[in-house]
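Participant: Build me a model:
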Amino acid sequence: PTGTTEICQGTSANNYTTAGATYATSYMWELLPAEAGTITGTKTTGVMDLSAAYTGAATIKVKGMNDCGEGAFSSELTLNVKPLVLVPEQPTGTTEICQGTLANSYTTAGASYATSYMWELLPSEAGTVAGTTTTGVVDLSASYTGTATVKVKGVNDCGEGTFSEELSLTIKPLPLAPAK
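Facilitator: This next block holds a predicted model:
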């Protein structure tokens, strides 16, 4: 069979094809191990649906059939079922900060299977957050005070994970100029 060999956990409607077998009138597809998911079809295309819980190696093979019986299985196509990113730990760092401060670092213990990270600071008026690792750096706006939140999610070849629990920040105002 031919088809995608690097594939993400839990995906569905993945098509695999075979050139066919001489004298075959139908086909039987097999995905192993069974816990990897299912593959259906009786023609030269098999449609695979992966289990949401399975990661690791899997194989697909196909054999032709007709009124006289079943032929031998084809050689196996080996698949690498890649895991989705899990939810990272809630960020840690200073929760009470003064408006306009720069380079405030926040960290997370990380997320399993993440190759990089996306950080978010809300509301956007509060400032900006940069970083693609387990550390995000927040630069606060000189004009914003009040509450804000920072959160992070992991990313890998299979996409973006779910955001972590938010860390609430209190952004305190700087003192005003004294009266004359």
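Participant: Next, find the distance separating Glu30 from Pro91.
Facilitator: From Glu30 across to Pro91, the span is 45 Å (Cβ to Cβ, to the nearest Å). All C-beta atoms are positioned from the backbone trio N, CA, C, and that covers glycine.
Participant: These two: who's more crowded?
Facilitator: More crowded of Glu30 and Pro91, by other Cβ atoms under 10 Å: Pro91, with 25 against 16.
Participant: List the contacts of that one.
Facilitator: Going by Cβ atoms under 8 Å, 6 or more residues apart in numbering, Pro91 touches Tyr106, Thr107, Thr108, Gly136, Val150, Lys151, Val152, Ser164, Leu167.
Participant: try 6 Å this time
Facilitator: By Cβ atoms under 6 Å, 6 or more residues apart in numbering, the contact list for Pro91 reads Tyr106, Thr108, Val150, Val152, Leu167.
Participant: Just the buried subset of those, please.
Facilitator: Buried residues within the contacts of Pro91, counting neighbours by 16 or more other Cβ atoms under 10 Å: Tyr106, Thr108, Val150, Val152, Leu167.
Participant: Can you tell me which of the residues you listed end up in strands?
Facilitator: Cross-referencing those against strands under DSSP state E gives Tyr106, Val150, Val152, Leu167.
Participant: so where's the protein shaky on pLDDT?
Facilitator: Applying pLDDT under 70 to the chain flags no residue at all.
Participant: In which helix or strand does the closest residue to Glu30 other than its chain neighbours reside?
Facilitator: Of all residues not flanking Glu30 in the chain, Lys61 sits nearest, at 5.3 Å (Cβ to Cβ, 6 or more residues apart in numbering). Here Lys61 is covered by strand 56-66, with elements defined by DSSP states H and E.
Participant: Which SSE is immediately downstream of that strand?
Facilitator: Counting by DSSP H and E, the element after strand 56-66 in chain order, helix or strand, is strand 69-70.
Participant: Counting by contacts, list what that following strand packs against.
Facilitator: Judged by 3 or more Cβ pairs under 6 Å, 6 or more residues apart in numbering; DSSP states H and E, strand 69-70 is in contact with no other helix or strand.
Participant: Specify the beta-bridge partners of Gly64.
Facilitator: Here Gly64 sits in beta bridges with Tyr27, as judged by DSSP bridges.
Participant: Okay, helices next: where are they in this protein?
Facilitator: With DSSP state H, there are no helices along the chain.
Participant: closest to Met65 among the contacts of Pro91?
Facilitator: Relative to Met65, the closest of the contacts of Pro91 is Val152; by Cβ to Cβ it sits at 51.7 Å.
Participant: need the contact list for the closest one.
Facilitator: Val152 touches Pro88, Pro91, Thr108, Tyr117, Trp119, Ser164, counting by Cβ under 6 Å, 6+ apart.
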